[in-house]
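Undergrad: structure for the following, please:
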Amino acid sequence: MFQPPRGTRDLLPEEMIKRQFIVDTARSVFEKWGFDPLDTPAFEEFELLTAKSGQAIKDEIYYFKDKSDRELGLRFDFTVPAARVISSNPNLQRPFRRYQLGPVWRYDRPGAGRYREFWQADIDIFGSSGIDADAEVVACACEALQKMGISNFYVRINNRKIMNAFLGSLNLDATDIMRSIDKLNKIGDEGVREELKSKKVGEKDISSIMKFAKTSSIEKIREFIDDGVKELEQLAVMLKKFNVSVRIDTSLVRGLEYYTGSVFEIMQEGSNLTITAGGRYDNMIEGFGGKSTPAVGISLGVDRLMELVQLDLGKTRVDVYIANVDEKSKEKCVEIAQQLRELGINVECDVMSRPLAKQLEYVNTKGIKFSVVIGEKEMKSGVLKLRNMQSGSEKDIELRNLKRVLDVIRSN
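TA: Predicted coordinates:
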């Protein structure tokens with residue numbers, strides 16, 4: 001029997017309803033904050049995908065050649081494709097504010113909450129170098145989480161210029177060392193120390209790096225370095241104006257090497273779980289052959305959010321099931337169903353020729369909240385009973401006034 005490929009999964013209706021809720025909520029909030037939709041192909045030129053991503057991501061790209069022997073890869077995020085769009089469309093009005101929703105792929109080791117095919121919900125602002133743009137994308141993402149019923153989170157912030165300058169002062173390869181520092185939350189102090197030793201970093205420098213990576217105040221950071229500190233301070237102040245809980249963390253550098261300034265992660269309280277992350281990448285578009293264009297964005301991991309959203313969203317989208325007593329009443333069921341659908345109500349009727357008891361058993365198993373039974377009595381009287389399957393309460397509804405069905409559903 002065939003199964004989904006490793007690192008992928010099927011989503012049955014109950015899980016899909018949750019994903020749709022997350023995606024729809026994100027879309028609604030993104031648009032409220034002035035972002036417009038953008039879409040790009042699922043695969044891109046391999047050279048584009050590897051140009052700014054770094055070796056770690058390069059190794060995770062799903063690479064293939066097409067029938068014309070062109071080297072291609074599945075997108076691993078939305079940032080690189082969006083940067084390509086900006087670089088090839090220089091006349092787009094600035095700022096260009098876009099959101100994108102959909103699947104991306106990485107050949108990573110699957111684990112709890114980690115898949116090789118996963119969904120992201122991204123927003124980016126292109127054309128603004130101001131820290132207020134950084135604050136907006138973070139605050140927008142925070143509102144999206146709150147609308148999804150998630151409140152136990154805070155935002156870690158840093159600026160890559162700070163760690164870059166500090167490592168430069170030690171005459172170390174900043175890019176290589178930051179790859180190790182970025183793993184601090186995953187492998188802990190000892191793991192990072194061992195990795196730095198394997199990179200031939202001396203004990204004295206390792207101690208300096210670990211001490212600096214635990215710096216959490218602007219004043220203490222200034223004792224070491226000035227680069228990027230003012231931007232970090234401005235971002236902290238602006239986010240607090242949006243009522244965002246902020247923590248400065250110099251160990252935060254983000255693994256993707258295209259980040260150039262502010263970096264941020266939204267974290268779940270009491271754990272090392274990153275809910276969403278992003279940062280500023282001012283050099284990417286120029287690196288792709290476009291005009292120099294500052295850019296900043298953030299990405300929400302939809303699959304991870306599915307594990308965090310605790311709202312009861314139901315097992316089905318069906319509002320009302322119309323059950324028929326016998327074959328003679330089936331035609332009337334179809335007629336009523338069509339009238340209700342025109343009112344915007346999601347309706348299901350029997351298509352299995354089941355007896356009434358089996359139809360109602362199906363309604364309960366599927367979790368449909370309301371049912372209507374249509375038989376000779378209802379057809380003669382012109383009145384039907386709308387039954388709440390959870391509470392057992394019933395409402396009499398005249399067939400000539402089916403709009404009342406919508407009122408009852410909305411009130412529940």
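
Undergrad: show me where the stretch 101-250 of the chain has strands.
TA: Remark: strands assigned in the stretch 101-250 of the chain by DSSP state E, counting those that start in this stretch are 117-126, 153-159, 246-248.

Undergrad: between the ones you listed, which one is closest to residue 139.
TA: Nearest to residue 139 among the strands of the stretch 101-250 of the chain is strand 153-159; the distance by Cβ to Cβ comes to 9.2 Å. From N, CA and C alone the C-beta is placed, and that goes for glycine too.

Undergrad: how about the closest one as PDB, C-alpha atoms only?
TA: Taking C-alpha atoms only, strand 153-159 is exported to PDB below (Å, rounded to 0.1, in the frame of the first residue of the first chain):
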ATOM      1  CA  PHE A 153       4.700  34.400  23.000                       C
ATOM      2  CA  TYR A 154       7.400  37.100  23.000                       C
ATOM      3  CA  VAL A 155       9.800  38.500  20.300                       C
ATOM      4  CA  ARG A 156      13.600  38.000  20.400                       C
ATOM      5  CA  ILE A 157      15.400  40.600  18.400                       C
ATOM      6  CA  ASN A 158      19.000  41.300  17.400                       C
ATOM      7  CA  ASN A 159      21.000  42.900  14.600                       C
END
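
Undergrad: report the buried residues of it.
TA: Neighbour-count burial for strand 153-159 flags 153, 155, 156, 157, 158, 159 (criterion: 16 or more other Cβ atoms under 10 Å).

Undergrad: so can I have TSV of those showing pLDDT?
TA: Below are these laid out as TSV (pLDDT from 0 to 100):
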residue	pLDDT
153	94
155	96
156	95
157	96
158	93
159	93
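
Undergrad: ok, the residues you listed vs residue 368, which is closest?
TA: Distance to residue 368 across these (Cβ to Cβ) is lowest for residue 153, with 34.1 Å.

Undergrad: which single one of the buried residues of strand 153-159 is nearest to residue 25?
TA: Of all the buried residues of strand 153-159, residue 25 sits closest to residue 153, with 15.3 Å by Cβ to Cβ.

Undergrad: return the distance of that closest one relative to residue 308.
TA: Distance, residue 153 to residue 308, by Cβ to Cβ, to the nearest Å: 9 Å.

Undergrad: ok, residue 100 next?
TA: For residue 100 relative to residue 308 (Cβ to Cβ), the value is 21 Å.

Undergrad: neighbour count: these two, which is higher?
TA: residue 100 (24 against 18; other Cβ atoms under 10 Å).

Undergrad: what segments of the stretch 251-400 of the chain are helices?
TA: Listed in chain order, the helices of the stretch 251-400 of the chain (DSSP state H, counting those that start in this stretch) span 284-287, 302-308, 330-342, 356-366, 376-381.

Undergrad: contacts for the shortest one, please.
TA: Pointing back at helix 284-287 there. Contacts of helix 284-287 with the rest of the structure, by Cβ atoms under 8 Å, 6 or more residues apart in numbering, involve 51-52, 79-80, 83, 86-87, 126, 258, 291-293, 295.

Undergrad: list only those of the residues you listed flagged as buried.
TA: Among the contacts of helix 284-287, those scoring as buried are 51, 52, 79, 80, 83, 86, 87, 126, 258, 293, 295 (criterion: 16+ other Cβ under 10 Å).

Undergrad: ok, which pair from those residues is furthest apart?
TA: Using Cβ to Cβ, the two most remote members of these are 51 and 126, lying 17.4 Å apart.

Undergrad: where in the protein is pLDDT low?
TA: Applying pLDDT under 70 to the chain flags residues 52-54, 255-256.

Undergrad: the longest helix in it is where?
TA: Identified as the longest helix of the chain according to DSSP state H is helix 13-32.

Undergrad: buried residues, it. List them.
TA: 17, 18, 19, 21, 22, 23, 25, 26, 27, 29, 30.

Undergrad: CA atoms of it as CSV?
TA: Taking C-alpha atoms only, helix 13-32 is exported to CSV below (Å, rounded to 0.1, in the frame of the first residue of the first chain):
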residue,chain,number,x,y,z
PRO,A,13,-10.7,17.5,6.7
GLU,A,14,-10.3,18.3,10.4
GLU,A,15,-6.6,19.2,10.0
MET,A,16,-7.3,21.0,6.7
ILE,A,17,-10.0,23.1,8.4
LYS,A,18,-7.4,24.2,10.9
ARG,A,19,-4.9,25.0,8.2
GLN,A,20,-7.5,27.0,6.2
PHE,A,21,-8.3,28.9,9.4
ILE,A,22,-4.7,29.8,9.9
VAL,A,23,-4.1,30.8,6.3
ASP,A,24,-7.4,32.7,6.1
THR,A,25,-6.6,34.6,9.3
ALA,A,26,-3.1,35.4,8.1
ARG,A,27,-4.4,36.7,4.8
SER,A,28,-7.1,38.8,6.5
VAL,A,29,-4.5,40.4,8.9
PHE,A,30,-1.9,40.9,6.2
GLU,A,31,-4.4,42.7,4.0
LYS,A,32,-5.5,44.9,7.0
